[in-house]
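Need coordinates for the below:
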Amino acid sequence: MNQRGSVLREWLTQKLGPKPSVPAPGGPPPTEGSPRFAADFSSEEQWVAGRSWAYPEGGPVNPGDDKLDHLVTDADYCRTGSFRASRRADGRWNTGLLTTEGSAEEFTVRTGDILETRVRLPEVVGAWPAIWTWRDGGNEIDVFEYHPDNPHLLELTNHVRGAHRSYSDASIRPGAWVDLKVEFGARSVIWWVNGTRVFADRKGVGRRWHAYLIVNLSVSAGRYHPAPEKGVTAMSYEVAHLRVHGPAHP
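Predicted structure coming up:
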């Protein structure tokens with residue numbers, strides 16, 4: 001690069017900041033089927049921030065689930081694709097959460113839908129990221145949950161009909177990009193991780209199941225997984241995209 005180009009590059013870096021992180025190439029091929037939903041986390045039509053009926057009285061806290069969360073509506077915590085948490089003076093953590101429940105669109109995932117997403121896992125012990133579904137006090141399917149104290153393990157759970165797998169692989173690690181795909185079948189919920197089919201629960205969700213989407217970053221309180229160390233004040237994970245397709249062959 002010539003001197004003029006170097007000066008221009010340095011000026012752009014100062015004005016715009018460093019280049020944002022980009023998901024690693026690869027992952028599963030696009031899913032066939034009708035596209036039903038493409039997440040725009042900045043959209044107030046698609047998403048409600050900082051409130052969920054999966055938390056007592058809608059939030060903002062949920063201590064009974066071993067969480068230090070204090071849900072906030074601040075867009076910096078959830079609407080950029082980076083879901084963040086920061087320590088409060090009272091010992092809780094301000095955390096980012098988005099849900100389709102209560103939004104103008106009120107999108108729900110339905111039986112037969114296929115969800116695809118790419119996430120970058122957090123590195124800080126105590127972080128508890130998840131993408132999951134919820135409606136009327138249940139209907140929960142966990143696309144994934146992750147805890148950095150189990151660095152190579154994802155938790156994949158069907159709470160609707162009681163099925164679970166702890167999937168471990170070397171490609172799963174703090175800071176790694178992971179591709180996830182879930183088919184919400186009537187007779188079996190099927191998970192793919194980085195293009196590989198890893199779990200078919202043979203339980204499914206039934207023919208008439210539907211539920212809202214939740215994307216959030218919680219903070220562990222220490223009962224099931226370690227709480228953050230005292231010197232830690234912030235954590236985050238990223239969601240590069242999230243899409244839902246209808247069945248390829250209805």
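
And the helices in the chain, which stretches?
In the chain, the helices defined using DSSP state H lie at 3-16.

Beta-bridge partners for the residue nearest the centre of it, please?
Centroid-nearest residue in the chain, with Cα atoms, centre = their mean: I131, separated by 3.5 Å. Beta-bridge partners for I131, by DSSP bridges, are F144, V215.

can you tell me which residues contact it?
Counting by Cβ atoms under 8 Å, 6 or more residues apart in numbering, I131 touches L115, T117, V119, D142, V143, F144, L180, L213, I214, V215, V239, L242. Placement of C-beta: from N, CA and C, glycine included.

Ok, C78 next?
F41, A49, G50, R84, G96, L97, L98, V215, N216.

tell me which of the residues you listed is nearest to G175?
Each of these was scored against G175 by Cβ to Cβ, and R84 proved nearest at 15.4 Å.

what about the closest one, how many neighbours?
Neighbourhood size, R84 [other Cβ atoms under 10 Å]: 21.

for the strand ranked longest in the chain, which positions count as buried?
Criterion DSSP state E: the longest strand present in the chain is strand 234-245. Buried residues in strand 234-245, defined by neighbour count with 16 or more other Cβ atoms under 10 Å: M235, S236, Y237, E238, V239, A240, L242, R243, V244, H245.

how far away is the nearest residue to the second one once chain neighbours are set aside from L97?
Here the nearest residue to S236 in space, its sequence neighbours aside, is R84; by Cβ to Cβ, 6 or more residues apart in numbering that works out to 4.4 Å. Computed with Cβ to Cβ, to the nearest Å, the distance linking R84 and L97 is 11 Å.

any residues in contact with both of these two?
Joint contacts of R84 and L97 (Cβ under 8 Å, 6+ apart) are C78, L217.

contacting residues around H147?
H147 neighbours (Cβ under 8 Å, 6+ apart): V125, A127, W128, L153, E155, S220, H225.

Just give me the neighbour total for the third one.
Translated: W128. 26.

what's the answer for the second one, then?
Using other Cβ under 10 Å, the number of residues around A127 comes to 26.

Check the gap between the residue lying closest to it once chain neighbours are set aside and W128 for me.
Using Cβ to Cβ, 6+ apart and skipping residues adjacent in sequence, the residue nearest A127 is M235, 4.6 Å away. Going from M235 to W128 by Cβ to Cβ gives 9 Å.

Need the overlap of contacts for these two.
Common neighbours of M235 and W128 (Cβ under 8 Å, 6+ apart) are L217, V219.

lowest average confidence, helix or strand, in the protein?
Here the helix or strand of the chain ranked lowest by mean pLDDT, DSSP states H and E is helix 3-16, holding a mean of 40.

Just give the closest residue to E140, not the sequence neighbours.
Nearest non-adjacent residue to E140, counting by Cβ to Cβ, 6+ apart: H159, 4.0 Å away.

again with S218
Counting by Cβ to Cβ, 6+ apart, W128 is the residue found nearest to S218 once chain neighbours are left out, at 3.9 Å.

How much space separates the residue nearest to the centre of the chain from Y212?
Relative to Y212, I131 is positioned 12 Å away (Cβ to Cβ).

So which bits of stretch 146-163 are buried?
Residues of stretch 146-163 classed as buried: Y146, H147, P148, P151, L153, L154, L156, T157, N158, V160, R161, A163 (neighbour count, 16+ other Cβ under 10 Å).

mind giving me a markdown table with those and columns for pLDDT and distance to N194?
Below are the buried residues of stretch 146-163 laid out as a markdown table (pLDDT from 0 to 100; distance: Cβ to Cβ, whole Å):
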| residue | pLDDT | distance to N194 |
| --- | --- | --- |
| Y146 | 98 | 14 |
| H147 | 98 | 19 |
| P148 | 98 | 18 |
| P151 | 98 | 16 |
| L153 | 98 | 14 |
| L154 | 98 | 10 |
| L156 | 98 | 13 |
| T157 | 98 | 19 |
| N158 | 98 | 20 |
| V160 | 98 | 25 |
| R161 | 98 | 26 |
| A163 | 98 | 21 |
